[in-house]
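> sequence-free structure coming up:
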């Protein structure tokens, strides 16, 4: 970088990490098998890095492919190649920008996918071209490419789960500000954010079954949550993460962010009533927030903690 | 009302329609049948009217039951009576305030209900005390009572549906500001808000099957949407509403608010591509908004248009 | 309405109140006085009623001016006539649809206006074409026209205010579910929603000074809130509303919706500390909700309660 | 870490980076100088790391100070020490957890601060205990402590600015998916997210003037935005960041995230009108997203890109 002289005579400030792109391109892709339609509903955010000093420092836009072009490319690729899965679509887009643009060194594609179910009509088969949005959770994919290696992190957000029993919280540390009572039976509820990294990084190896691993990971998260006695949300988190790492092949790392959606037992004594774990107030804020990464033995941790909240 | 004299010498302003209460009391009620737990998850808003001039005009609180008490009553009733359905719970609460408080003339209880599914665990029966939030839509109930008659309006919001074909928009009126092209095949998507009024108003008559009518109404809305060729969203709306009024007994009136979630066909010609109803951009704003009431012959319209957006 | 025969042999359901239009058209209008630019930033929602049975019942769109045309008209009018004020712009739009479209009987235009301040640059005059969004509140306007008379309701939302003292709540009614303690000094905080109706309805009379009355009404709401000792939020509401009706000419009616944003005194006794009205927890839900209309003597109430939450 | 043997015989998954705490504790602190009240309104999120393997792996809670205690500590400290500034309050909290809890190695405190203005009452001095929320932006602070060194990152979000002219976008790169036209005069609008790191890290050095640097940084961001001709949002970003690094002492690093809130010129030609940079449609999505770090010469970059969206 050329050191420009600032008016004050000091060295000109330096440009650090920078990236740019088009965020939240909403694309719906319809495919037809005869009268049966299929739908893919994505929100695609593209972020590019490369030789971008001039645009920041001198104002030359010669290296800047417009973000509007990134948007157009999403739509054109949806037509040309279809959307097999969020991850596969992301791979195609990331490769395109890095390989076709000399000034672009790396591309990162983040995708949210919204699920739709076919509308089931009474007494007959499912609708062929009618859908109802399945609001259960949002599927996430992040694909990063630097021209040689790939990193794909899949995940989900807003998967809300609750155990009505088999959860306790006891034996914890206390200090002068501790008023919480120990409990042997509480409601445990959380809205799961999860991101798991695929081992796949070399294009010459076959790609994972993106949809299959998603369903497996989701299923194991739910199963581990529901089948495990919980001494703490931390222990439940580890159990959920370990289950995915143990059971889903090709996933060496997972990170979970679990807000403790407190369900407090209401004190009904003033009304002459006993609350035998029946009536709970659901609190909005504050909430406990438990976050951790779980890794296969020997795996390198690469999911940054703040990725959990990334846009 | 006594006409107080204002400082300026004119007549004192008059108190008009007024109401007060506790909004958004979040209550979760757990019930056990042996090892099998059941869950009801509600957001309850109570609004009371009555002899409340003094609190507004003189500052006397003698007639004001605190909103905090309304909250306590929700929790206590959840324990004492359980939550059979949102509507039935609302009836119980509304009756309580009107009959126990001399100053309260009418009560209106609005309830949102969030659905939970049991977590299905692989290779076995469903979990007995573990649940996953079903995000498909929010169920709504409004119960009003004035000491003699009842009005119950049920409904739903955020039921998002899409037809990938069998929708057109042609033959519309044009003026000097019209640029829209006619289309014979478009995506039709909307996020349904619906409110239907029950005929039941007399406590000496048996109450409807609240849960059963909800599932019936929801099912007919989905079926009518998916099975009908759409010349316009207005026509689809009428068809959906008429289906409910025709098929669900005890519902003389329904109102629907349907935002047209525009899915515009992307112009891919600049890239040498043809878009044969495959790639759509999903627009956030602006959106068409179609609203109407459908009534059984002879029924009196009583669902106010702005109820659709009420809190 | 013609009674069509349904397949089941009964009378066909009847179309009730219906309306349609384009919601949330976001328009920014820039005006130049030499080097000095001015900005108006609006969100416009148009709703039309009229002879619309055929579109709902038979699917004929002959009477339906597309909602897309309503959007275009907003943009075209912003150019042709400018945006003097939200209300004046709404009047122009509403008149256009009713007078130019035979099938349209009434038009309602709802506008949100977002305020911008000029960026003040150190040591010099304010910027001439640079603005920073003033997030203090959103201004609201609703204009209704039926071809003969006008109704204009102005207002605001998200005006959040707090009194740190001079608020109490005592002498209230108690029942078996009451646990709230009386308090002689509390924090009173609310997020004001207000809608005031202008007396102006006859086009041959001069229009009010829309911007001037807005600033007056806003100022009186704030002054009444801050200058009044509060025995209850109801009393504060009445005082605020009465002040506007008394002091702002041409406003016979105002409605206020005031959520009681509870600031609860934290119990610090377990930590050996006294909380002398110093530390408060701010609760999200539930909240008290106080709503009332205040009218000039003899004025007819016309602001519907649920308008406060309308979209 | 001890390698536990999993039931399947493989190595047990490893716990990686983990943290826990209480998020979004909403505290309001009132201070009185005679009849004049002052208000601080914060949202505090605490995250702790340390010796937490056992809680995750074996379920022992012996090292876990409850998140409820973290909440209590916020309230107690607000009383005991007051809230001088968000940063100073964060320093006090972070130090407490690390120094008083043997199992806690590091603490990170994130604070949002909401600004309130005194209500100005006509013809007199400002109100002494009445406030109106100033919605202009949210102030952010993050304090990290590991028992020896400190890192304080301040910032803001939702500072929305607009230049009505003096912005162009030309000379950019084009490929087969580029349709964007060059423009010599456009509206440039963005909602600024900024985070700047303070050089202060050694407790034996005097702390910066946290409030003073905040106002300086905010002022320079606004001034640089408004005073600079923009060839691209990237160039504007660099200019804004460099201004802060150059002009505010003690800030070696700043990162900005600037969404390009597209204001597209409406095509009014179909209506026989010319749009001479007067009427714009404001788009919600997609949006360009420009992100970069600007550093003082020789400064080490330490603000992680995804911190910008952290919770």
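Cool, got the structure. Worth saying up front: this structure is predicted, and the values here are computed from it rather than measured.

> which parts of the top helix by length along chain A are buried?
In chain A, taking DSSP state H as the definition, the longest helix is helix A:210-227. Using 16 or more other C-beta atoms under 10 Å in any protein chain shown as the test for burial, helix A:210-227 gives A:210, A:213-214, A:216-227. In this view, the C-beta of every residue, glycine as well, is placed from N, C-alpha and C.

> what ranges does chain A have for its helices?
A:53-57, A:67-81, A:86-100, A:210-227, A:233-247.

> closest to chain C out of those helices?
helix A:67-81 (18.7 Å; C-beta to the nearest C-beta).

> can you pull out the low-pLDDT segments for the stretch 1-150 of chain A?
The stretch 1-150 of chain A contains residues with pLDDT under 70 at A:1-9, A:122-126.

> correct me if wrong: residue A:183 contacts residue A:172.
No: between residue A:183 and residue A:172 there is no contact, the gap being 10.5 Å when judged by C-beta atoms under 8 Å.

> so which residue of chain A comes closest to chain B?
residue A:135 (2.7 Å).

> thinking again about what came up before, show me what the longest helix of chain A is packed against.
Contacts defined by 3 or more C-beta pairs under 8 Å, 6 or more residues apart in numbering or on different chains; DSSP states H and E place helix A:210-227 against helix A:86-100, strand A:126-145, strand A:150-163, strand A:188-197, helix A:233-247, strand B:104-120, strand B:126-145.

> outside of it, which residues touch it?
Helix A:210-227 has contacts (C-beta atoms under 8 Å, 6 or more residues apart in numbering or on different chains) with A:85-88, A:137, A:139, A:141, A:154, A:156, A:159, A:161, A:163, A:192, A:194, A:196, A:198, A:236, A:239-240, A:242-244, A:247-248, A:250-251, A:254, B:119-122, B:127, B:130, B:132.

> can you list the helices and strands packed on helix A:210-227 in TSV and add mean neighbour count and distance to chain C?
As requested, these are arranged in TSV below (neighbours: other C-beta atoms under 10 Å in any protein chain shown; distance: least, C-beta to the nearest C-beta, whole Å):
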stretch	mean neighbour count	distance to chain C
helix A:86-100	22	29
strand A:126-145	21	18
strand A:150-163	22	17
strand A:188-197	24	16
helix A:233-247	24	21
strand B:104-120	20	10
strand B:126-145	21	11
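
> any idea of the pLDDT on the nearest residue to residue A:73 once chain neighbours are set aside?
Leaving aside its sequence neighbours, residue A:73 sits nearest to residue D:177 (C-beta to C-beta, 6 or more residues apart in numbering or on different chains; 4.6 Å). You'll see residue D:177 listed with a pLDDT of 98.

> how about the one 4 residues further on?
In the prediction, the pLDDT value recorded for residue D:181 is 97.

> burial check on it, number of neighbours?
8 (other C-beta atoms under 10 Å in any protein chain shown).

> from residue D:265, how far out is it?
Residue D:181 is 10 Å from residue D:265, where distance means C-beta to C-beta, to the nearest Å.

> interface residues of the stretch 151-300 of chain A facing chain B?
Residues of the stretch 151-300 of chain A lying close to chain B (C-beta under 8 Å from any C-beta of the partner chain) are A:158-166, A:187, A:219, A:222-223, A:225-227, A:263, A:266, A:268, A:270-271, A:273, A:275, A:277-284.

> kindly recompute the last result at 6 Å.
Counting by C-beta under 6 Å from any C-beta of the partner chain, the stretch 151-300 of chain A comes close to chain B at A:160-165, A:222-223, A:226, A:263, A:266, A:268, A:271, A:273, A:278-280, A:282.

> pick out whichever of residue A:183 and residue A:172 has more residues nearby.
residue A:172 (21 against 13).

> test my guess that the more buried one contacts residue D:63.
No: counting by C-beta atoms under 6 Å, residue A:172 stays clear of residue D:63, with 8.5 Å between them.
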